[in-house]
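> Provide a 3D model corresponding to the input given below.
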Amino acid sequence: MSDMFKGYKGTALEALKKFKVEVWNKAIINTTRGEFKGIILPRSENDDDKHLVLKLDNGYNIGIAIDTIIDMKGYGYKKAKYKIPEKEFPTSPEKHNIKLFGTGGTIASRLDYRTGAVIPAFSPGELYGAVPELADICNLTTEKLFAEFSENMGPKQYIILAEAIGKEIEKGVDGIVIGHGTDTMHHTAAALSYMIQNSPVPIVMVGSQRSSDRPSSDAALNLIHATTAAAKSDIAEVMVCMFGPTSDEYALLHRGTRVRKMHSSYRSTFRTIGDIPLATVTKDEIKPLKKDYNRRRNDRKVDICARFEERVAMIYYYPNMHPDMIDSLVDNGYKGIVIAGTGLGHVNKPLYPALERAQKAGVAVYMTVQTLWGFVHMFVYETGRDMMSKGVVPAENMLPEVAYIKLGWALAQTNDLEKVKEIMLTPICGDITEGEPYNGYLVYQGGIPEVEEFIKKYHK
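Numbers count the residues shown, from 1 in each chain. Okay, here's the model as predicted:
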């Protein structure tokens, strides 16, 4: 039978009937690519009928092409739950009142096996059903502002979110948590750092690298840490709260203007660049790592400046970049350009005429470094000096994404390029520092003896 079935060209349903296996069966599937063991899931209505979807024991879902199946045997049945149990969220006058805004991230979620999509659990009752520990931390209310993947977040959403946070602070909330997709969380964190200043309460952004249907999900613990920070932290700034190490030892609070996503899948993806994080967070304790931060206050005063000029671009310089890259932006009416340059902040000479044309057109051009760590130093070599004479302004040690966000925010307030420059080069929320601490640049390289010794000692 196995040989007859090799190269089978039927549908997934026909394959299941052939081997008398049903959806939700635990199954062992022998294929031309090896043996796989897991639970057969319903096919998403948006998927083709030439694959079986199998949830492996490690929580990952894989697709198995029907024409690779040699044999299949079912040996058990385990149907997934479609809905998170909903319980009434208990409140207490002794606990802090926290507002959770949803923007579309999957901080607490379930997998919809009808569509294959992850559906957020978002009402207080759903969140309490999914993460009951939240009731020990705070009184929680929620509001879903958007249902966007993080790549679709932009100036429109930044402004709505900043204004909504301002209103909640004025109403007397003790802390803000924002559920957000991780891919562009650092852009939104920077935008909120500029649009919301002098906050009397913590504003904590949080997400999850791995969805809630996976055993290795970081969603619940991230949410616990973020609400703990919002309710109990003395640090009243815009922060990102995510895993510190890859294990669940503690979370880190990163300043919104110095944080960046640095790995596509690690749970410890977010790092503070050019500085150290603000604090560590566990379920029981918040330990500040820095002393210079904005502290929680009892008043309701907050400065909201929710504006953004959308005709701003960021360019990552590469060798042999042609001047039409910059010319096209100028010709299309862009008001600002941030360049992530090489080394100390350089680009090639063929771009010089385009930079001069940008200067004459009144376009604000700022230089950052694609190394991420370190300062722009355009006065060291003639390349940098030439570019400064053509209107390019060094942006100190601002991260490229942060400089892009800040330039959009600055140009929304004034068209006077000298005033824009004053805003850009005035440190706000730690976006520019006097210098980088000795431990602000740590990139460990595996294989090196001292690094391997450290790893063995602390992470066995």
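> for stretch 329-349, measure first residue to last.
18 Å (CA to CA, to the nearest Å).
> determine the longest helix present in the chain.
helix 155-171 (DSSP state H).
> could you point out which element follows it?
strand 175-179 (DSSP states H and E).
> with just CA atoms, put that following strand into CSV.
Output of strand 175-179 as CSV, limited to C-alpha atoms (Å, rounded to 0.1, in the frame of the first residue of the first chain):
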residue,chain,number,x,y,z
GLY,A,175,-0.1,53.4,34.3
ILE,A,176,-0.4,52.5,30.6
VAL,A,177,0.3,49.3,28.8
ILE,A,178,0.3,49.1,25.0
GLY,A,179,0.1,45.7,23.3
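> what is it packed up against?
Packed against strand 175-179 by the contact rule (3 or more CB pairs under 8 Å, 6 or more residues apart in numbering; DSSP states H and E) you find strand 96-102, helix 155-171, strand 203-206, helix 219-232. From N, CA and C alone the C-beta is placed, and that goes for glycine too.
> mean confidence (pLDDT) on the first one, please.
It refers to strand 96-102. Averaged across strand 96-102, the pLDDT comes to 93.
> who does that strand pair up with?
Paired with strand 96-102 in the same sheet, following DSSP bridges, are strand 138-144 (parallel), strand 175-179 (parallel).
> cool, the shortest one as well?
Sheet pairing of strand 203-206 (DSSP bridges) gives strand 175-179 (parallel), strand 238-243 (parallel).
> any chance of those in CSV, plus mean pLDDT?
Output for those, formatted as CSV (pLDDT from 0 to 100):
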stretch, mean pLDDT
strand 175-179, 95
strand 238-243, 97
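> now what about stretch 349-365, what contacts it?
The contact list for stretch 349-365 (CB atoms under 8 Å, 6 or more residues apart in numbering) reads 321-327, 329-330, 334-339, 347, 383, 386-387, 390-393, 407, 410-411, 415, 417, 420-421, 424.
> re the thing from before, just the buried residues of the longest helix of the chain, please?
Along helix 155-171, these residues count as buried under the neighbour rule (16 or more other CB atoms under 10 Å): Pro155, Gln157, Tyr158, Ile159, Leu161, Ala162, Ala164, Ile165, Gly166, Glu168, Ile169.
> what's near enough to touch the last one?
Think Ile169. Residues near Ile169 by CB under 8 Å, 6+ apart: Ile176, Ser199, Pro200, Val201, Arg300, Val302.
> I figured the fifth one was touching Glu170, is that so?
Meaning Arg300. Yes: contact status for Arg300 versus Glu170: in contact at 5.3 Å, counting by CB atoms under 8 Å.
> about what we covered before: among the contacts of stretch 349-365, which ones are in strands?
Counting by DSSP state E, the part of the contacts of stretch 349-365 found in strands is Gly336, Ile337, Val338, Ile339, Val392, Val393.
> a markdown table for the strands paired with strand 203-206, including mean neighbour count and distance to Ala231?
A markdown table is the format used below for the strands paired with strand 203-206 (neighbours: other CB atoms under 10 Å; distance: least, CB to CB, whole Å):
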| stretch | mean neighbour count | distance to Ala231 |
| --- | --- | --- |
| strand 175-179 | 27 | 5 |
| strand 238-243 | 28 | 12 |
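> of these, which is nearest Phe101?
Each of the strands paired with strand 203-206 has some distance to Phe101 by CB to CB; the shortest is strand 175-179, at 4.9 Å.
> let me know the angle separating whatever helix or strand comes next after that closest one from helix 155-171.
Sequence-wise, the next helix or strand downstream of strand 175-179 (DSSP H and E) is helix 185-195. Taking axes from the mean of the first three to the mean of the last three CA atoms, to 10 degrees, one finds helix 185-195 and helix 155-171 inclined to each other by 50 degrees.
> any idea how far stretch 405-422 is from the middle of the chain?
Offset of stretch 405-422 from its chain centre (CA atoms, centre = their mean, to the nearest Å): 26 Å.
> now swap in stretch 397-404 and tell me
Taking CA atoms, centre = their mean, one finds the center of stretch 397-404 at 16 Å from the center of the full chain.
> now stretch 59-67: average pLDDT?
Across stretch 59-67, pLDDT averages out at 84.
> let's see it as PDB, backbone CA atoms only.
In PDB, the C-alpha atoms belonging to stretch 59-67 read as follows (Å, rounded to 0.1, in the frame of the first residue of the first chain):
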ATOM      1  CA  GLY A  59       4.300  23.600  19.300                       C
ATOM      2  CA  TYR A  60       5.300  24.500  15.800                       C
ATOM      3  CA  ASN A  61       2.900  24.000  12.900                       C
ATOM      4  CA  ILE A  62       4.200  22.500   9.600                       C
ATOM      5  CA  GLY A  63       2.600  21.800   6.300                       C
ATOM      6  CA  ILE A  64       3.100  18.400   4.700                       C
ATOM      7  CA  ALA A  65       2.600  18.100   0.900                       C
ATOM      8  CA  ILE A  66       0.200  15.300   0.100                       C
ATOM      9  CA  ASP A  67       2.300  13.900  -2.700                       C
END
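> what ranges of the stretch 201-350 of the chain fall below the confidence cut-off?
Along the stretch 201-350 of the chain, segments meeting pLDDT under 70 span 211-216.
> give me that answer again for 80
Along the stretch 201-350 of the chain, the model assigns pLDDT under 80 to residues 210-217.
> out of everything not next to it in sequence, what's closest to Lys290?
Leu278 (5.5 Å; CB to CB, 6 or more residues apart in numbering).
> could you check how many residues crowd around that neighbour?
28 (other CB atoms under 10 Å).
> and the host helix or strand of Gly125, what does it pack against?
Per DSSP H and E: Gly125 is located in helix 124-130. Judged by 3+ CB pairs under 8 Å, 6+ apart, the packing partners of helix 124-130 are strand 138-144.
> got the contact list for Phe379?
Arg385, Met388.
> switch to 6 Å and redo it
Contact analysis of Phe379 by CB atoms under 6 Å, 6 or more residues apart in numbering lists nothing.
> local confidence estimate at it?
At Phe379, pLDDT is 90.
> roughly how far apart are it and Val369?
Computed as CB to CB, to the nearest Å, the Phe379 to Val369 distance reads 14 Å.
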